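Colleague: what's the 3D shape of this:
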Amino acid sequence: MSGVAYREEPPGAPAAQALPRLLAGARMDGRPVSLDAHLRRYGPPPALQPRTLVDAVAAAGLRGCGGAGFPTARKLEAVAAGRGRAVVVANGAEGEPPSGKDKVLLAYLPHLVLDGAVLAAHAVGARDAIVAVDRVTHDVVAYAIAERKRAHLDRGVSLRVVRSPEGFVTGEETALVQFLNGGPALPTFTPPRPFERGVGGAPTLVQNVETFAHLAQIARFGAEWFRAIGAGGERGSALVTLSGAVARPGVFEVAVGTPLRDVVAQAGGVTAELGAVLVGGYFGTWLPAAQALAAPLSQAGLAALGGAPGARAIVALPVSSCGLLETTRVVRWLAAESAGQCGPCVHGLEAIAGDLVRIARRDDPTGARAALDRRLPQLERRGACRHPDGVVRLVASALRVFAAEVELHVHHRRCSSRADRAVLPLPPRRPEAVR
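Modeller: Sure thing, here's the model as predicted:
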């Protein structure tokens with residue numbers, strides 16, 4: 001991401017109706033906020049009784065920010081009720097290429113995340129809190145933990161940072177738990193779930209780092225403050241990663257339920273006429289541009305269109321780009337990123353990627369299109385993890401939204417793309433774009 005949207009804020013609680021919240025106080029020079037500066041703004045984590053914190057989180061309506069959106073209070077309660085000494089894991093293993101919000105939080109404001117992890121540890125009776133990060137933010141978080149140790153800030157909770165392996169599936173909570181237990185970073189067959197038996201066999205709370213940052217602010221400012229912004233039953237703020245055909249790609253903090261058009265405006269508006277918008281990252285959904293821009297960025301608002309916010313990674317696709325080619329690139333990468341633990345991933349995703357390549361290259365596109373119609377229903381809900389389902393969702397939405405482009409490839413053997421470069425981001429090892 002090229003930047004992060006923030007403004008300097010005075011110390012203390014941000015005004016209830018004001019933004020930014022999580023990003024308030026981020027340094028203008030891009031360096032991480034020091035512990036001294038963090039404590040001047042927020043003070044130390046408040047000493048709350050476990051039930052008090054859980055009740056505040058429940059009243060706030062906080063949900064996990066990693067993609068699934070599970071109620072945070074219910075996870076806290078489940079882990080606290082488990083047998084044995086609990087463990088807390090802050091998941092910053094952001095393996096989704098179009099998402100950058102977790103990196104921003106950890107790189108700019110690590111102590112807000114660490115506050116949330118420590119507060120959650122007290123709430124569930126944990127003595128150990130592990131922060132799993134990528135190589136980009138590892139040193140920042142390690143230094144922040146060292147600052148806290150020197151200040152004797154987190155009595156009763158031991159913080160440590162772990163660098164998670166690179167890969168799309170490694171951030172899935174069971175994959176992360178298995179890695180922390182010394183195994184490969186691959187999703188495991190369940191049950192038991194991590195809240196039942198996770199790191200070291202203990203009940204384990206795994207939450208996205210943004211969730212912990214929100215929890216830290218709820219603990220200080222209360223549920224009513226958190227709910228002062230938002231739309232309908234979905235309240236609070238959220239971090240959004242916006243890329244593609246926008247003037248200033250980056251990470252932005254918005255009120256939940258903000259129309260996507262207003263989110264794009266924060267990024268300086270579009271740089272070209274849009275044809276479609278990918279909402280929810282690579283397990284998300286393509287939506288026609290006009291429909292997407294009018295939609296509120298919320299669970300309910302996007303559900304009405306067959307989508308979901310996920311981790312709120314948004315990519316704006318210009319009309320000059322072929323959505324079929326862009327989807328083909330991503331699906332080839334996703335097929336290579338599978339856990340390789342079940343038939344739908346090992347064989348099904350490779351077959352789907354092959355069908356898309358055949359359509360994109362106009363190599364027996366009619367047969368490939370018919371094969372896709374057979375394969376997609378066969379893969380849905382058949383995998384050992386959610387990886388096949390996410391790919392099916394992405395491809396099915398592409399076939400709907402880019403139906404005219406698919407028609408050009410299948411029946412007229414041509415492509416309308418005028419783009420000189422790919423739009424959807426992939427790691428350096430990505431497959432070559434299909435042309």
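
Colleague: got the buried residues for stretch 193-211?
Modeller: For stretch 193-211, the neighbour count (16 or more other CB atoms under 10 Å) marks 193-199, 202-211 as buried. Backbone N, C-alpha and C define where each C-beta goes, glycine included.

Colleague: Give the bridge partners for the closest residue to Ala289 other than its chain neighbours, please.
Modeller: Of all residues not flanking Ala289 in the chain, Leu274 sits nearest, at 3.7 Å (CB to CB, 6 or more residues apart in numbering). On the basis of DSSP bridges, Leu274 is bridged to Pro318.

Colleague: show me the contacts for Leu274.
Modeller: Contact partners of Leu274, counting by CB atoms under 8 Å, 6 or more residues apart in numbering, are 245, 289, 293, 316-319.

Colleague: What is the burial count for Arg248?
Modeller: 15 (other CB atoms under 10 Å).

Colleague: Report the helix or strand with the lowest average pLDDT across this protein.
Modeller: Lowest by mean pLDDT, DSSP states H and E among the helices and strands of the chain is helix 343, with a mean of 84.

Colleague: Show me what it is packed against.
Modeller: Counting contacts by 3 or more CB pairs under 8 Å, 6 or more residues apart in numbering; DSSP states H and E, helix 343 packs against no other helix or strand.

Colleague: Domains in this structure, by residue range?
Modeller: Domains of the chain are assigned by automatic domain parsing as 35-226, 230-318, 323-411.

Colleague: Out of these, the one nearest Arg27 is which?
Modeller: Nearest of the domains of the chain to Arg27, taken as CB to CB: domain 35-226 at 7.0 Å.

Colleague: Buried residues in the helix or strand hosting Asp373, which are they?
Modeller: Following DSSP states H and E, one finds Asp373 within helix 365-379. For helix 365-379, burial by neighbour count (16+ other CB under 10 Å) applies to 365, 368-369, 371-372, 375-376, 379.

Colleague: just curious, which of the residues you listed is nearest to Ala419?
Modeller: Using CB to CB, the buried residues of helix 365-379 come closest to Ala419 at Pro365, 20.1 Å.

Colleague: wouldn't the closest one be in contact with Arg358 here?
Modeller: Yes - the pair Pro365 and Arg358 passes the contact test of CB atoms under 8 Å, sitting 6.2 Å apart.

Colleague: List of residues touching the least confident helix or strand of the chain?
Modeller: Helix 343 is contacted from outside by Arg382, using CB under 8 Å, 6+ apart.

Colleague: what does stretch 78-87 give?
Modeller: With CB under 8 Å, 6+ apart, stretch 78-87 has contacts from 50, 54, 121, 123-130, 195-196, 198-205.

Colleague: mind redoing it with 10 Å?
Modeller: Stretch 78-87 has contacts (CB atoms under 10 Å, 6 or more residues apart in numbering) with 50-51, 54, 76, 88, 120-121, 123-130, 177, 180, 192-207.

Colleague: The closest residue in space to Leu349 that isn't next to it in sequence: what's it in contact with?
Modeller: In space, and not counting its chain neighbours, Leu349 is closest to Ala335: 4.0 Å by CB to CB, 6+ apart. Taking CB under 10 Å, 6+ apart, we find Ala335 in contact with 345-346, 348-354, 356, 387-388, 391, 431.

Colleague: Need phi/psi at Leu53.
Modeller: Here is the backbone geometry of Leu53 (degrees, to the nearest 10): phi -70, psi -50.

Colleague: helix, strand or coil for Arg21?
Modeller: coil (DSSP: H, G, I helix; E, B strand; the rest coil).

Colleague: quick one: it from Pro50, how far?
Modeller: Plainly put, Arg21 is 24 Å away from Pro50 if you go by CB to CB, to the nearest Å.

Colleague: Also Arg160?
Modeller: Using CB to CB, Arg160 is found at 22 Å from Pro50.

Colleague: Could you spell out the sheet neighbours of the strand ranked longest in the chain, each with its direction?
Modeller: Across the chain, the longest stretch assigned as strand under DSSP state E is strand 237-244. With DSSP bridges as the test, strand 237-244 is paired with strand 250-255 (antiparallel), strand 313-318 (parallel).

Colleague: any idea which element Val263 lies in?
Modeller: With DSSP H and E as criterion, Val263 is part of helix 260-266.

Colleague: tell me what that helix is packed against?
Modeller: Under the contact criterion of 3 or more CB pairs under 10 Å, 6 or more residues apart in numbering; DSSP states H and E, helix 260-266 touches strand 237-244, strand 250-255, strand 274-279, helix 289-294, strand 313-318.

Colleague: which residues are in contact with it?
Modeller: Contacts of helix 260-266 (CB under 10 Å, 6+ apart): 5, 19, 238, 240, 242, 244-248, 250, 252-255, 258-259, 269-270, 274, 277, 279, 287, 289-297, 301-302, 309, 312, 314, 316.

Colleague: Could you export it as CSV, CA atoms only?
Modeller: The C-alpha trace of helix 260-266 is given here as CSV (Å, rounded to 0.1, in the frame of the first residue of the first chain):
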residue,chain,number,x,y,z
LEU,A,260,-18.3,2.5,-0.7
ARG,A,261,-18.5,5.6,-2.9
ASP,A,262,-17.6,7.7,0.2
VAL,A,263,-14.7,5.4,1.0
VAL,A,264,-13.4,5.8,-2.5
ALA,A,265,-13.7,9.6,-2.2
GLN,A,266,-11.3,9.4,0.8
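
Colleague: Right, I'll leave it there.
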